[in-house]
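Student: Provided below for reference: sequence and predicted model.
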Amino acid sequence: MHSLDAPGEPVTVHAPAGTVVGRRTGRIRRFLGIPFAEAPIGARRFAAPVPRGRFTEPFDASRHGATSQTVPLFETTTIPEPSLPGDDVLNLGVVAPDPDDDRAPFPVLVWIHGGGFLAGSPASPWYDGRAFARDGVVCVTVGYRLGVDGFGPLDGVPTNLGLRDLLLALDWVQENIAAFGGDPGRVTVAGQSAGGGAVLALLSSPAAGRRFHRAVSLSGGLFEVGEGAARDFLVRLGDRLGVPPTRAGFGGLTVDRVQRGVHLLRSERSDGPLVLGPVVGDDILPVPIADGLAVHGGGVPLLLGATGDEFDGGTPGIRDAAARAAGTRVTDTLFRAACPRAAASRRDAPAGTWLYSFEWPSPVLGGAVHCVDIPFFFDVLDAPGTAQALGARPPAQLATSMHGDLVAFVHGRSPAWESATGRPGDPAREYGRPGAAPAADTTGVFDPVVPVVSEAAEEC
């Protein structure tokens, strides 16, 4: 069996999308690589996503599907992020409890991976939803278009294609998840890093409608890229690749060549933490995200937070002082500042906003750095790559606490600590601070956040 295959015996689901054949292990079922849209190739490459037609034959969902990422952003990434070949990159995976479980129908968690809107993989073993299924939650992981193909503001091309992909995936969930035991009326959309930023963008969007009912942003941000800066980057990228910065120009190159060109150009210049990503001014994001949060999604409870160090970690002697100072600016401005800003934007929202801060320092990476909280929230401390990032003995009690809080939120319960307003002294839950309990309530953990200009960050 390939490492990307789902283990177990065949199990079949008959959904509106067609018959899907996955795998069952004990009381957990996995259905992987299910296309929710037509492959974005040919004339569809730079077009709005088109819903996938109903399967005429049983679909083999025994292994992960193709990924939008063709090459990782960096040679070594904190999260294992496999790049899988193929055209059907707009696919999703479903990990669900046994349908005979008396807790059915189950709430649904839809997970959006990170990677700076340029990279990342929904096939990471850190995103395996087995612990959620164990705890009565259907977990859906989603692939979406990245880089130029997902977020390049090209003339004649719909903007924010990556966000449009995610909206279509949420439509698929609404139409099909009941067949897998999920409750389409209890959908939580969640993500980390760029995925967390996508959650906040969708929450602020008038186009999101009632596709989801709760939201979670882990180390996300109010990520917007100025259209002028993005177009300037595309001009320089076109010069590097020898094509005009147009739909026809980039469309004449493979996705792999374009992604490699983006990564190379980023490595040579300091364009800031984001070079491509959500742009403001269309039907998806008509106004800046912070402004959109004040008028949209107010009825959707929001849980968001950041790690204590994000890009400010690193073992002393490994990162020099200048790099650490740059990491501090990125940590404070791009990630931690987004938490009180989002809470302030939602100050008048009828649904609550709750903050957390992850403080457990990885002994390997030298701090509570970007991405290391994910195995705790997913309760997958035994997943491949965790020992390399977390050390040999990450605290299981911390995973139990964090995962339990997230499961409770997805099940519709309000967090045990007070909601935030975006004012100084807001309450938050701290996870894993050395010498303290695994989870403890505190106040003012996000005060003050210094508004300085950030430099380039590495995405996990």
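Tutor: Looks like it arrived, so ask away.
Student: the residue of the chain most remote from its centre and V255: what is the separation?
Tutor: Most distant from the centre of the chain: G242, at 32.4 Å, with distances by C-alpha atoms, centre = their mean. Distance, G242 to V255, by C-beta to C-beta, to the nearest Å: 17 Å. For glycine as for every other residue, the C-beta is placed from the backbone atoms N, C-alpha and C.
Student: list phi and psi for L304.
Tutor: phi -150, psi 160 (degrees, to the nearest 10).
Student: what about it, how many residues nearby?
Tutor: If you count neighbours by other C-beta atoms under 10 Å, L304 ends up with 26.
Student: how about the helices of the protein, start to end?
Tutor: 130-134, 147-151, 161-176, 194-203, 227-241, 247-251, 255-268, 289-295, 321-330, 338-345, 374-378, 386-390, 396-410 (DSSP state H).
Student: what stretches of this protein score poorly on pLDDT?
Tutor: By pLDDT under 70, the weakly predicted segments of the chain are 1-4, 270-272, 313-324, 326-333, 448-460.
Student: one step back: nearest to H213, out of the helices of the chain?
Tutor: helix 396-410 (10.0 Å; C-beta to C-beta).
Student: that closest one: how far from the chain's middle?
Tutor: Computed by C-alpha atoms, centre = their mean, to the nearest Å, the chain-centroid distance of helix 396-410 equals 18 Å.
Student: what comes up buried for that helix?
Tutor: For helix 396-410, a neighbour-count test (16 or more other C-beta atoms under 10 Å) marks L398, A399, T400, S401, M402, H403, D405, L406, V407, F409, V410 as buried.
Student: so which of those is the closest to V138?
Tutor: Out of the buried residues of helix 396-410, the member with the shortest distance to V138 (by C-beta to C-beta) is V410, at 9.6 Å.
Student: so what's that closest one up against?
Tutor: Neighbouring residues of V410 by C-beta atoms under 8 Å, 6 or more residues apart in numbering: P107, V108, L109, F132, V137, R186, T188, R214.
Student: same thing but 10 Å
Tutor: 106-109, 132, 135-139, 186-188, 190, 213-214, 216, 303 (C-beta atoms under 10 Å, 6 or more residues apart in numbering).
Student: now do it against G226, distance only.
Tutor: V410 is 35 Å from G226, by C-beta to C-beta.
Student: ok, V279 next?
Tutor: V279 is 8 Å from G226, by C-beta to C-beta.
Student: residues that sit against both of the two, list them.
Tutor: P153.
Student: more crowded one of those two?
Tutor: Just comparing V279 and G226: by other C-beta under 10 Å the higher neighbour count belongs to V279, 22 against 13.
Student: how many residues are close by G425?
Tutor: 11.
Student: scratch that, V138
Tutor: 29.
Student: would you check that it makes contact with D98?
Tutor: No. Using C-beta atoms under 10 Å, V138 is not in contact with D98; the gap is 11.4 Å.
Student: any common contacting residues for those two?
Tutor: R29, A104, G181.
Student: among these, which are in strands?
Tutor: Here DSSP state E is the test, and the shared contacts of V138 and D98 give R29 as lying in strands.
Student: so which of the shared contacts of V138 and D98 comes closest to G116?
Tutor: The nearest member of those to G116, counting by C-beta to C-beta, is R29 at 32.1 Å.
Student: show me what contacts the residue farthest from the centre of the chain?
Tutor: Contacts for G242 (C-beta under 10 Å, 6+ apart) come out as G249, L253, G261.
Student: if I look at it, how far off is E227?
Tutor: Taken as C-beta to C-beta, the span from G242 to E227 is 24 Å.
Student: what of F55?
Tutor: For F55, the distance to E227 (C-beta to C-beta) stands at 38 Å.
Student: and A169, by the same measure?
Tutor: Counting by C-beta to C-beta, the gap from A169 to E227 is 25 Å.
Student: of the two, which one has the most company?
Tutor: Using other C-beta under 10 Å as the criterion, A169 and E227 rank with A169 on top: 25 against 14.
Student: grab the nearest non-local neighbour of the more buried one.
Tutor: Spatial nearest neighbour of A169, excluding adjacent residues (C-beta to C-beta, 6 or more residues apart in numbering): V142 at 4.6 Å.
Student: check T159 too.
Tutor: Spatially, and ignoring its direct neighbours in sequence, T159 is nearest to D282 (4.4 Å; C-beta to C-beta, 6+ apart).
Student: does that neighbour touch P153 like I think?
Tutor: Yes. Counting by C-beta under 10 Å, D282 touches P153, with 9.4 Å between them.
Student: what is in contact with those two at once?
Tutor: Counting by C-beta under 10 Å, 6+ apart, the common neighbours of D282 and P153 are T159, N160, E227.
Student: put together a markdown table for the residues you listed, with distance to P288 on each row.
Tutor: Shown next, in a markdown table, are the shared contacts of D282 and P153 (distance: C-beta to C-beta, whole Å):
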| residue | distance to P288 |
| --- | --- |
| T159 | 14 |
| N160 | 14 |
| E227 | 12 |
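Student: which one of those is nearest P415?
Tutor: After measuring these against P415 - C-beta to C-beta - the closest member comes out as N160, at 30.4 Å.
Student: and the strands in the protein?
Tutor: 9-15, 18-25, 28-35, 59-60, 91-97, 106-112, 138-142, 182-192, 214-218, 302-307, 353-358, 427-431, 439-443.
Student: which other helices and strands does the fourth one contact?
Tutor: By that I understand strand 59-60. Here strand 59-60 touches strand 9-15, strand 18-25, strand 28-35, going by 3 or more C-beta pairs under 10 Å, 6 or more residues apart in numbering; DSSP states H and E.
Student: what's the angle between the second one and strand 91-97?
Tutor: Orientation note: strand 18-25 sits at an angle of 50 degrees relative to strand 91-97 (axes from the mean of the first three to the mean of the last three C-alpha atoms, to 10 degrees).
Student: for the shortest one, same thing?
Tutor: The directions of strand 9-15 and strand 91-97 differ by 110 degrees, with the same axes, to 10 degrees as the criterion.
Student: who's in contact with P395?
Tutor: Counting by C-beta under 10 Å, 6+ apart, P395 touches W360, F376, L381, S401, G432, P438.
Student: pull out the buried members of these.
Tutor: Listed as buried from these are W360, F376, L381, S401, G432, P438; burial here means 16+ other C-beta under 10 Å.
Student: for those residues, which one is nearest Q388?
Tutor: L381 (12.6 Å).
Student: wait, that closest one sits on A396?
Tutor: Yes. Using C-beta under 10 Å, L381 makes contact with A396 at a distance of 6.3 Å.
Student: stretch 46-58: how far from the chain's middle?
Tutor: Distance, centroid of stretch 46-58 to centroid of chain: 23 Å (C-alpha atoms, centre = their mean).
Student: endpoint to endpoint, it covers what distance?
Tutor: Counting by C-alpha to C-alpha, to the nearest Å, you get 29 Å between the two ends of stretch 46-58.
Student: what residues sit buried inside that stretch?
Tutor: So stretch 46-58, judged by 16+ other C-beta under 10 Å, has buried residues F46, A47, P49, R52.
Student: over to stretch 226-237?
Tutor: A229, A230, F233, L234, R236, L237.
Student: okay, now I177: neighbour count?
Tutor: 24.
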